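Participant: Build the 3D model from these lines:
(2 chains)
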Amino acid sequence: MSDTIKAETIYDAMGAVLTRWTMGSAAAPAASFWHAELGGDPVEAELRLLALSGQFLGTAVTMEPSSSLRILPDIPALALPTVPETLRPLVRRILSTKKQAKVKTDLVHFLAARGWTMHPADWMPQADDDDAPDLYAEWRDWAAIATSNSAARRQTDDRLTADNWDDFWPAARKVALAELRRRDPSAARAVLEAKLAGETADTRWRLLSLLSEQLSDEDLTFLEAVAANDRAPKVKALATSLLARLGRGPAAGDDTAELAGFFAVKTKGLLRRSRVVQAEPVKTAAQSLRRKALFDGADLTSFAGALGLAPQELIAAWDWGADQAADAALIELIAATGADAQVTQAADAIAEHGATGLAISLATRLAPAERAKHAEAALKAQGIRFELAQLIAGTSARLEGPLSMPAGKALLAALQRDDAKPSDHAEELHALGLIVSREGARRSLEQLTGAGLLQGDPRLDMLRLNAALDDRGAKP
Amino acid sequence: MAIDLKAVEQLATDQSSLKAAAGLAKPAKWSGVGASHDGVLIWGECAGSGANPYRVMADLRDLGNKCTCPSRKFPCKHVLGLLWLNAEAIVPFVAAETPAWVSDWLGRRRGTSAARPGSNVPPAGEKDLRAARATEPEVADDPKDVARREAQAARRSEETERAILDALDALEQWIGDQLRMGLSGFIDDATARCRRIAARLVDGKAAVLAGRIDELPSRLLALAAGDRPRAAVVELGKLVLLARAFRAGPRDAEIRRAVAASETRETVLADPQALRVDARWEVLAEQVQTRRDGLVSQTTWLLNLTPNGPRFAMLLDFFPASAGRRGSVFTPGDRFQAELVFYPSQQPLRALLVRRDANEETPALEWPASETALGDALTRSLLAEPWVIEMPLLLPQGRIAHDETGGAWWRAADGTATLPVAGNAEGLLAGTELMRTAAIWSGNRLTILAAQTSWGRIGNDE
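Facilitator: Next up is the predicted model:
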């Protein structure tokens, strides 16, 4: 091959060669500089030209990006360390074998409660993953940056103010606002007053819900304005609910009076007379629906007031267990419109009366220590299953000996049955792994393998992770 | 938990399984043999006929078992071999943590009663352990028979070669036709046209080349429409080169491997010239692809962490898609000391696993330094084998960037190269500096296998 042919010459000819072949005409005439190499036979010449052109195009011509390239910022390290390398395969397996979103969320929260975070190669939150712990705000914002076309904001570590509001990415801003609310409730409210209206309805709802922390009468004016003027019904409803927690529900009107009419305040006992609130028998389905609808629009203070009681008196005098639909409706009412003290009082009351299922509705408004306490009490006294206990306890509990409780004994017995299948009770064992302390997890594993489960049984993954993971979290 | 050899005999479906198992009940065939601390589960890796070993596991309580081989027999000879090793204590079953792949299998098992020894499955014919153990006496070959067999083999080889040469003539004619009819039409109708010539090549004993052409349309269609004519010229040009190379050296093992068929495992193992490398390897990735010809290809990419021998090794196996989904053989990120034998080649890459040592604590080795000059590395293997489609690369420090359409690019930290990346490079891969990246370059796209970052090793599948 003549070495005088320059790459530029070949390159310049390739356009014509490709065009000719694309259209189906002979291309050799367009590469006359290879005349000697291609030879005189036109069929052979095309094949030789194909071999030569193919090699040239495959090596000398590489694709170039058609537009400017964008490089994403580094994924930041979080405040807590990632789980130890040796445990990552176990974490990955729990994530991959259990597809439900709740399992992922629970695992992420469990790790955070124990002082750890996920490795970003194993799991990362989406930008709109509001269920992720606040700890992951920076990763959520990274995901937001990755999916947006805008340039990165001037990320700031300053205290959040109305002026620097737009410098924060949304997840970090929410965390900063929550932090500000804890330290300086009025300042946080003042920032919200200035900026809330500029956000979407979903964001307004989430930001406003942060006011439930340290809620006080100082928030009244702002909340009344939101309840009256916000464009979105669900934001209005939240503001109304927060007002109700402050005892400023809508003035008792006809509806509340009608709801009170479904109940009667009676007295009982001969010597120590006490009041009891009893549901009047509901005679028709229509009545039942009407009562439910009235509950949905009511607030605790007004309802209690319509019965001539203070909210705490209503909770104390309620005749638990007599009308389960009424019990459930009252608990929903307390969860939505009750003050923190009333929520705690109601949780204690239902625990005393064994209405454990209702505790789930209150759980998200209880402190982690209270959730764990109620879950443990229900496990002991009511014999509830671990799955239900986990819903009450959340992911921060550290129960010591759940297997010695009724649910544990039942589980051990079920696992040892002759007809037990290898996939039985996987959810129950997973829930156990979430609520038990590290030491408790170790003991549970010993008991379970002693009962015939294999050490490598994947149903024990959550327990094994718990037992192996150093507990560095703040104890509730 | 001990088992009896009698149980192995009962479990075998027939005498030939038992016989094959006896052949596998030898320490040399096995690596990574272990048992759970409670002695209930046993597992091991058995060298099969392919490049990748099979993962074999059994539950001694009920003799439930699983093997990653494609055999339709249940249990297969590998499971019987493992049980045999255990029954006769031929190798020590070291108590260890149950590997994740055994736990995964446990989680998928439906019941524990299916495989009880001597249960409802009637024995298929008489089986006899002693007969299985017996070795066939070597029959002294009659020199005349040997000569006749050799002559037959030579004739068959000539016939095969003739058939391949005819098929290659047909291929070149077909390529010429595509040019005459226009590449735009070829690109639009590539699947059907490639299928037809691939069938002709299969008839002409050029099975490997047929598989390559069958996959050509999917490689083209993965590219942007504007890049397809160029890629079609590159693909077809390589076919011309390969056809010409075969004509020039039809007995060259490397070229034959690219056209007709690969040597058997036994041939490679028996070849004194074949390169053997005892090194520490890291599993980069496993690629499983269902091909148009009904085969599933399973490729394991290994990185050599020591300075000796080739940088990469590729363990390649094919099995019929009808054999069902096959479990992974290795876990990406695994590291082990092993001896590999490479198929003879100017640039050794495809290999067989000869021996894998038991896992032991070894000093953490860094990935080796990347290719010195990236431009050379992208084209070097084409000097020896201009028809290769893809080549593994170890890239220097770089980072993922995205263009306005969301397409991903790998960009060298020193700005000297920007290469298009296949698929979505998202999450951590796009959010951190890639200190080293192991990838496959296919001339127009980079498929990232794994990378080293400040977050540790990350795989593209993660």
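Participant: Nearest to chain A: which residue in the stretch 201-350 of chain B?
Facilitator: Closest contact between the stretch 201-350 of chain B and chain A, by CB to the nearest CB, is at B:G237 (1.9 Å). No exception for glycine: its C-beta is placed from N, CA and C like everyone else's.
Participant: Can you read off the backbone torsions of that residue?
Facilitator: phi -60, psi -40 (degrees, to the nearest 10).
Participant: what's the burial count for it?
Facilitator: If you count neighbours by other CB atoms under 10 Å in any protein chain shown, B:G237 ends up with 25.
Participant: Contacts only, for the closest residue in space to it that isn't next to it in sequence.
Facilitator: Excluding the flanking residues, the one nearest B:G237 by CB to CB, 6 or more residues apart in numbering or on different chains is A:G54, at 1.9 Å. For A:G54, the contact set (CB atoms under 8 Å, 6 or more residues apart in numbering or on different chains) comprises B:233-238, B:240-241.
Participant: Out of these, list just those in helices.
Facilitator: Those of the contacts of A:G54 mapping onto helices are B:233-238, B:240-241, per DSSP state H.
Participant: count of residues packed around the residue nearest to A:A132 when sequence neighbours are not counted?
Facilitator: Using CB to CB, 6+ apart and skipping residues adjacent in sequence, the residue nearest A:A132 is A:P125, 4.0 Å away. Counted with other CB under 10 Å, residues neighbouring A:P125 total 24.
Participant: and what of A:D122?
Facilitator: 18.
Participant: and what of B:W455?
Facilitator: Neighbours around B:W455, by other CB under 10 Å: 18.
Participant: swap in the one 3 residues further on?
Facilitator: With neighbours defined by other CB under 10 Å, the count for B:I458 comes to 24.
Participant: now the nearest residue to B:T405 once chain neighbours are set aside, what's its secondary structure?
Facilitator: Distance criterion CB to CB, 6+ apart; nearest residue to B:T405, sequence neighbours excluded, is A:S67 at 7.5 Å. Secondary structure for A:S67, judged by DSSP: H, G, I helix; E, B strand; the rest coil, is coil.
Participant: Tell me who's in contact with A:S67.
Facilitator: Contact partners of A:S67, counting by CB under 8 Å, 6+ apart, are B:403-405.
Participant: Just among those residues, which is most surrounded?
Facilitator: Going by other CB under 10 Å, B:D403 tops the contacts of A:S67 with 16 neighbours.
Participant: just checking, A:E85 touches B:G456?
Facilitator: Yes. Using CB atoms under 8 Å, A:E85 is in contact with B:G456, at 6.9 Å.
Participant: Compare these two and say which one has the larger neighbour count.
Facilitator: Taking neighbours as other CB under 10 Å, A:E85 and B:G456 compare with B:G456 leading, 14 against 11.
Participant: so who does A:L388 touch?
Facilitator: Applying CB under 8 Å, 6+ apart to A:L388 gives the contacts A:356-357, A:360, A:378.
Participant: how near is B:N65 to chain A?
Facilitator: 14 Å (CB to the nearest CB, to the nearest Å).
Participant: err, B:P386, not the other one
Facilitator: Look at B:P386 and chain A: by CB to the nearest CB, they are 6 Å apart.
Participant: my read: A:G39 touches A:E46, true?
Facilitator: No. Between A:G39 and A:E46 there is no contact, the gap being 10.7 Å when judged by CB under 8 Å.
Participant: Looking at those two, which is more packed in?
Facilitator: Between A:G39 and A:E46, A:E46 has the larger neighbour count (other CB under 10 Å), namely 20 against 12.
Participant: The residue nearest to A:A132 contacts A:R140, doesn't it?
Facilitator: Yes. If you go by CB under 8 Å, A:P125 and A:R140 touch, sitting 5.0 Å apart.
Participant: what residues does the stretch 301-450 of chain A put near chain B?
Facilitator: A:421-423, A:449 (CB under 8 Å from any CB of the partner chain).
Participant: Out of these, the closest to B:S17 would be?
Facilitator: A:P422 (25.9 Å; CB to CB).
Participant: Could you check which helix or strand contains the closest one?
Facilitator: According to DSSP states H and E, A:P422 maps onto no helix or strand at all.
Participant: How many residues are close by it?
Facilitator: Neighbour count for A:P422, taken as other CB under 10 Å: 19.
Participant: Verify the stated contact: it with B:S103.
Facilitator: No. A:P422 sits out of contact with B:S103 when judged by CB under 8 Å, with a separation of 11.2 Å.
Participant: For the helix or strand harbouring B:S381, list every residue counted as buried.
Facilitator: Per DSSP H and E, B:S381 falls inside helix B:374-384. Of the residues in helix B:374-384, B:374, B:377-379, B:381-382 count as buried by neighbour count, 16 or more other CB atoms under 10 Å in any protein chain shown.
Participant: Kindly report the same for stretch B:271-287.
Facilitator: Applying 16+ other CB under 10 Å to stretch B:271-287 flags B:271, B:274, B:276-277, B:279-287 as buried.
Participant: So what's the residue count around residue 317?
Facilitator: Let's take chain A. The burial count for A:A317: 19, using other CB under 10 Å.
Participant: if you could check chain B rather than the one you did, that'd help
Facilitator: 20.
Participant: in chain A, which residue is closest to the centre?
Facilitator: A:D131 (1.8 Å; CA atoms, centre = their mean).
Participant: Quick one: classify it as helix, strand or coil.
Facilitator: On the basis of three-state DSSP, A:D131 is classed as coil.
Participant: any idea how far it lies from A:V277?
Facilitator: 36 Å (CB to CB, to the nearest Å).
Participant: quick one: what helix or strand has the residue of chain A found nearest chain B in it?
Facilitator: Closest residue of chain A to chain B, CB to the nearest CB: A:G54 (1.9 Å). In this assignment (DSSP H and E), A:G54 forms part of helix A:42-59.
Participant: where do the strands sit along the stretch 351-462 of chain B?
Facilitator: Using DSSP state E, counting those that start in this stretch, the strands assigned to the stretch 351-462 of chain B run over residues B:351-356, B:391-395, B:398-402, B:408-412, B:418-420, B:436-441, B:446-453, B:456-459.
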